[in-house]
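Peer 1: Any chance you can model this:
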Amino acid sequence: MGARWDASGTEERDRTTPVPGQVGGWRDAVAAGTELAAALSALWPDVEGVTAVAQSASDGSGAVRLQLPAAAARALAEAVRAVAAHRDGGRAAS
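Peer 2: Numbering: from 1, shown residues only. Below you'll find the model as predicted:
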């Protein structure tokens, strides 16, 4: 199944009046979470339990919460280190 976009909890956010920019920040987080979930699905099409959830902070900024199994976190760390090493000409620290 791979990574998935999970909107659960988004309707459960604080029911107070949004601060200016909060909806825009949340929408930005939805777009970023969708993009991240698609990228992770392409990287690990058979990994279960990878979830991205959009949130908005009290200041109105958007945030994406990423939840993944420990093995997937290690694989993601390895992939990020490989990209950093390639970018830095093989000098990235592990």
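Peer 1: Which stretches in this structure count as helices?
Peer 2: In the chain, the helices defined using DSSP state H lie at 22-43, 70-87.
Peer 1: May I see those helices organised as CSV, with mean pLDDT and distance to residue 49 added?
Peer 2: Backbone N, C-alpha and C define where each C-beta goes, glycine included. CSV is the format used below for the helices of the chain (pLDDT from 0 to 100; distance: least, CB to CB, whole Å):
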stretch, mean pLDDT, distance to residue 49
helix 22-43, 88, 11
helix 70-87, 90, 7
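Peer 1: and of the ones you listed, who's closest to residue 57?
Peer 2: Residue 57 sits nearest to helix 22-43 of all the helices of the chain, at 7.2 Å, using CB to CB.
Peer 1: Next, the buried residues of the closest one.
Peer 2: Neighbour counts using 16 or more other CB atoms under 10 Å place 22, 25, 26, 28, 29, 30, 33, 36, 37, 40, 41 of helix 22-43 among the buried residues.
Peer 1: next one: stretch 45-54
Peer 2: Buried-residue list, stretch 45-54, by 16+ other CB under 10 Å: 47, 50, 51, 52, 53, 54.
Peer 1: just the buried residues of helix 22-43 now: which is nearest residue 80?
Peer 2: Looking across those and measuring by CB to CB, the closest to residue 80 is residue 40, at 12.0 Å.
Peer 1: what's the spacing between the closest one and residue 47?
Peer 2: 8 Å (CB to CB, to the nearest Å).
Peer 1: again with residue 55
Peer 2: Taken as CB to CB, the span from residue 55 to residue 47 is 23 Å.
Peer 1: now residue 36
Peer 2: 14 Å.
Peer 1: How about residue 73?
Peer 2: With CB to CB as the criterion, residue 73 and residue 47 are 11 Å apart.
Peer 1: do the same with residue 30
Peer 2: 22 Å.
Peer 1: can you list the helices of the chain in a markdown table and add distance to residue 61?
Peer 2: Formatted as a markdown table, the helices of the chain follow (distance: least, CB to CB, whole Å):
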| stretch | distance to residue 61 |
| --- | --- |
| helix 22-43 | 5 |
| helix 70-87 | 23 |
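Peer 1: and of the ones you listed, who's closest to residue 60?
Peer 2: Nearest of the helices of the chain (CB to CB): helix 22-43, 4.0 Å.
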